[in-house]
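Novice: okay, here's the prediction I keep looking at, along with the sequence it came from:
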Amino acid sequence: MKINVYPVMSPLHDIEEISKNSNILMQEIAKTLKCNVSISNLNHLYDSDLSLILVQSGGSEGEFLKVFDNLREPYYLLTYGNNNSLAASMEILSFLKGKNKDAEILHGSFEYISKRILELENRKNEEPIRLGVLGKPSDWLIASNVDYEDALKKHNISLIDLDIEKVIKNYPNYDPAMFKSEKNFHFDEKALNASKALVLEIDELVKEKNLSGITIRCFDFLKTIKTTACLSLALLNERGIVGTCEGDIPAMISMFIAKKICGITGFQANPSRIDIINNEIVFAHCTLPFNMVNSYKLDTHFESGIGLALKGELHKEKVTIFKLSKNLKDYFVTTGNITENLNEQNLCRTQIKIHVDNNIEYFLRNPYGNHHIIIYGNYEKEIISYMQSI
């Protein structure tokens with residue numbers, strides 16, 4: 001690996017002393033990573049595997065601004081613990097974040113900086129994850145659009161727009177007799193066969209487009225082919241292919257991040273009732289991964305009363321609740337415990353009550369949309385660590 005470094009420094013400082021500190025830092029990184037780390041000018045800075053900005057002293061902010069137009073994302077600010085290098089880097093980082101730029105300070109022990117450089121290099125070389133958007137977000141999800149470039153830049157996720165009208169048009173061509181499953185589903189035969197046919201078509205689409213996940217503007221199916229995507233999403237998530245409802249892109253990306261970190265898929269659900277005094281929330285939705293349930297039964301879709309949905313009973317255990325905002329940077333995460341499976345007539349079919357460990361006023365004062373992702377286990381620290389590394 002070749003690393004090029006462009007230094008910026010205030011003219012007020014002792015060049016000889018600054019250069020000594022800088023050389024020690026670069027030599028230690030080169031030694032640890034067994035790679036070439038060298039000073040570069042602007043013309044050749046990006047002729048390398050990784051390009052760093054070495055902030056050598058306090059007062060470097062003005063010097064950085066002079067060359068800013070010649071630099072490009074991501075901005076990795078290499079610092080050390082002398083000469084106010086870190087203080088200047090923090091000011092520069094604040095400037096870059098204010099412009100919504102991909103930027104980070106590399107500071108700490110030689111071992112930490114080297115480890116982080118390896119992580120950044122590996123992330124850069126990863127093929128983008130392909131997540132499908134079948135139809136746009138449902139009309140009521142007015143806070144759930146995202147910037148596709150941000151998804152690629154911040155999370156290495158390529159969002160692929162898919163034509164839902166084509167799916168609706170092709171739907172009659174799928175024979176439910178071809179549906180294979182180890183599960184024995186018992187439900188109205190006509191509704192079950194309609195759902196099975198849609199499962200086959202969506203599975204084929206996921207395979208054809210090489211998707212790791214999909215979000216579906218599923219209510220369009222209710223009006224056209226008179227069925228639901230609830231069974232399809234339950235089966236996809238059980239297989240580890242992320243699937244979310246209503247074209248909710250932030251929810252899909254949240255679920256993908258949770259799966260990437262924790263290795264398990266989650267339950268996309270609406271907060272349906274919040275008890276601030278007792279720190280409890282009722283969550284509900286009409287589908288969830290089959291591998292999250294103790295037992296389940298099929299029912300009709302709640303809002304429409306047609307098609308089929310899943311009413312699942314979840315384990316009463318520790319969970320993590322997570323949601324990424326539409327800017328794909330801010331997020332909410334907390335832990336709690338499932339205390340009860342409910343059976344109310346005026347909610348989506350799968351219903352759980354969670355006693356949340358932390359303050360839940362977020363849901364009433366600054367929520368990131370309505371859907372949240374619930375996964376088994378305590379992964380709060382892991383999610384925070386991951387999001388802080390983005």
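Specialist: Perfect, I can see it now. Numbering: from 1, shown residues only.
Novice: quick one: the nearest residue to Val356 once chain neighbours are set aside and Lys316, what's the gap?
Specialist: Nearest residue to Val356 in three dimensions, chain neighbours excluded: Gly336, at 4.1 Å (CB to CB, 6 or more residues apart in numbering). Glycine gets a C-beta too; all of them are placed from N, C-alpha and C. According to CB to CB, to the nearest Å, Gly336 stands 11 Å off from Lys316.
Novice: who has more neighbours, these two?
Specialist: Gly336 (22 against 14; other CB atoms under 10 Å).
Novice: report the secondary structure state of the more buried one.
Specialist: Classification of Gly336 by DSSP: H, G, I helix; E, B strand; the rest coil places it in strand.
Novice: does it touch His355 like I think?
Specialist: Yes - between Gly336 and His355 there is a contact at 5.6 Å, judged by CB atoms under 8 Å.
Novice: what is Leu131 paired to in the beta sheet?
Specialist: Beta-bridge partners recorded for Leu131 (DSSP bridges): Leu159, Gly213.
Novice: list the contacts of it.
Specialist: 157-160, 211-215, 242, 252-253, 256 (CB atoms under 8 Å, 6 or more residues apart in numbering).
Novice: secondary structure element holding Leu231?
Specialist: Assigned by DSSP states H and E, Leu231 belongs to helix 230-238.
Novice: quickly run through the sheet partners of whichever helix or strand comes after that helix, with directions.
Specialist: Per DSSP H and E, the first helix or strand lying C-terminal to helix 230-238 is strand 242-245. Applying DSSP bridges, strand 242-245 is found paired with strand 213-216 (parallel).
Novice: so what does the following helix or strand past the strand it pairs with touch, helix or strand wise?
Specialist: Counting by DSSP H and E, the element after strand 213-216 in chain order, helix or strand, is helix 219-224. With contacts taken as 3 or more CB pairs under 8 Å, 6 or more residues apart in numbering; DSSP states H and E, helix 219-224 sits against helix 164-170.
Novice: buried residues, the helix it packs on. List them.
Specialist: Ile164, Val167, Ile168 (16 or more other CB atoms under 10 Å).
Novice: now find how far off-centre that helix is within its chain.
Specialist: Distance of helix 164-170 from its chain centroid, counting by CA atoms, centre = their mean, to the nearest Å, is 28 Å.
Novice: tell me which residues are up against it.
Specialist: Under CB under 8 Å, 6+ apart, the answer for helix 164-170 is Leu134, Gly135, Glu201, Ile202, Leu205, Ile216, Arg217, Asp220, Phe221, Thr224, Ile225.
Novice: and for the fourth one, the neighbour number?
Specialist: Right, the one you point to is Ile202. Residues near Ile202, counting by other CB under 10 Å: 25.
Novice: now swap in the third one and tell me
Specialist: Neighbours of Glu201 under the rule other CB under 10 Å: 20.
Novice: need the pLDDT of it.
Specialist: Reading off the confidence values, Glu201 has pLDDT 96.
Novice: how's this structure carved up into domains?
Specialist: Here the domain parsing of the chain from automatic domain parsing is 2-125, 129-389.
Novice: give me the below-cutoff pLDDT ranges for the stretch 1-150 of the chain.
Specialist: Scanning the stretch 1-150 of the chain with the threshold set as pLDDT under 70 gives 13-14.
Novice: which residue ranges of it form strands?
Specialist: 2-8, 36-39, 50-55, 75-78, 103-106, 129-134 (DSSP state E, counting those that start in this stretch).
Novice: out of these, deepest packed?
Specialist: By mean neighbour count, with neighbours taken as mean count of other CB atoms under 10 Å, strand 50-55 ranks first of the strands of the stretch 1-150 of the chain at a mean of 24.
Novice: any idea which of the strands of the stretch 1-150 of the chain gets closest to Ser325?
Specialist: Closest approach to Ser325 among those is made by strand 129-134 (17.0 Å; CB to CB).
Novice: ok, Ala191 touching Thr227?
Specialist: Yes - if you go by CB under 8 Å, Ala191 and Thr227 touch, sitting 7.1 Å apart.
Novice: out of these two, which sits in the busier spot?
Specialist: Thr227 (26 against 18).
Novice: which SS state does that one fall under?
Specialist: Quick answer, by three-state DSSP: Thr227 is coil.
Novice: so which strand or helix has the nearest residue to it once chain neighbours are set aside?
Specialist: Nearest residue to Thr227, sequence neighbours excluded (CB to CB, 6+ apart): Ala194, at 3.9 Å. For Ala194, the host element (DSSP H and E) is helix 189-208.
Novice: name the nearest residue to Asn359, ignoring sequence neighbours.
Specialist: Asn359's closest residue in space is Asn279 (CB to CB, 6+ apart), at 7.7 Å.
Novice: what is the neighbour count of the one you found?
Specialist: There are 16 residues near Asn279, going by other CB under 10 Å.
Novice: so it sits against His355, correct?
Specialist: Yes - between Asn279 and His355 there is a contact at 6.2 Å, judged by CB under 8 Å.
Novice: returning to that earlier point: with distance to Asp49 added, can I get the contacts of helix 164-170 in TSV?
Specialist: Shown next, in TSV, are the contacts of helix 164-170 (distance: CB to CB, whole Å):
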residue	distance to Asp49
Leu134	37
Gly135	40
Glu201	43
Ile202	39
Leu205	36
Ile216	39
Arg217	41
Asp220	45
Phe221	47
Thr224	50
Ile225	50
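Novice: let me see the contact set for Leu200.
Specialist: Tyr174, Asp175, Pro176, Met178, Phe179.
Novice: picking that back up, can you pull the residues that touch both of Ala191 and Thr227?
Specialist: The contact sets of Ala191 and Thr227 overlap at Ile306, Gly307, Leu308 (CB under 8 Å, 6+ apart).
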